[in-house]
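S.K.: Okay, sequence plus prediction incoming.
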Amino acid sequence: MVFSSIEFLFLYLPFSFLIYFLIPAKFLVWRNLALLVLSLIFYGWSEPIYIFIMFFSIGVDYVCGHLVSKHKDTNRKKAKAALIASVVLNLSVLGFFKYFDFFVVNLSRIPVFSGLKPLGITLPVGISFYTFQTMSYTIDCYRKEIEQEKNFLDFSVYVTLFPQLIAGPIVKYRD
């Protein structure tokens, strides 16, 4: 879905506002849950399967941020290992979607690898934004610039919020 599309402007956005503001402000958990569901509908509009990749990234960095925060003062090696796991896992997923077919196409030109075929996978919308956004959370936890988010729902809404998910900018967690 595109921000300038008829579906977004006249259906999705008014419906989102309606749902959000019908929930009383004192029920913040329900508002955040509504924002998460609405954001996932927005993100999954064209390719719903890519929601799982987003939740993989969210889960990795939520857990890694927790581990970093747990060990940053007592065991720096474990904290650093969690940070490295976050970076490696996230960049591996991003690299796979961005560059796998590129390497396969180029390798298939070498006679030994001529049987290789590209997978033809489309790039998930906004994958770079949310990958770097979730990683920035773990990095900020490691640098002791922020406290760990204890609420998975709040962290998920931070990552998936539809107005900035595909258009950016990458927002640091502390902001």
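M.R.: Now that the structure is in, tell me what you want to look at. Residues are numbered from 1 along each chain as shown.

S.K.: contacting residues around Ile51?
M.R.: Applying C-beta atoms under 8 Å, 6 or more residues apart in numbering, we find Ile51 in contact with Leu40, Tyr43, Gly44. Backbone N, C-alpha and C define where each C-beta goes, glycine included.

S.K.: Show me what the helix ranked longest in the chain is packed up against.
M.R.: When the chain is parsed with DSSP state H, its longest helix is helix 76-107. Packing partners of helix 76-107 (3 or more C-beta pairs under 8 Å, 6 or more residues apart in numbering; DSSP states H and E): helix 51-71, helix 127-142.

S.K.: for it, the distance to its chain's centre please.
M.R.: 14 Å (C-alpha atoms, centre = their mean, to the nearest Å).

S.K.: for the residue nearest the centre of the chain, what are its contacts?
M.R.: The residue lying closest to the centre of the chain (C-alpha atoms, centre = their mean) is Tyr130, at 3.4 Å. Listed by C-beta under 8 Å, 6+ apart, the contact partners of Tyr130 are Met54, Ser57, Ile58, Val159, Thr160, Leu165.

S.K.: export these to a markdown table and tack on distance to Ser86 and pLDDT?
M.R.: Shown next, in a markdown table, are those (distance: C-beta to C-beta, whole Å; pLDDT from 0 to 100):
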| residue | distance to Ser86 | pLDDT |
| --- | --- | --- |
| Met54 | 15 | 93 |
| Ser57 | 9 | 95 |
| Ile58 | 11 | 96 |
| Val159 | 13 | 89 |
| Thr160 | 18 | 88 |
| Leu165 | 19 | 64 |
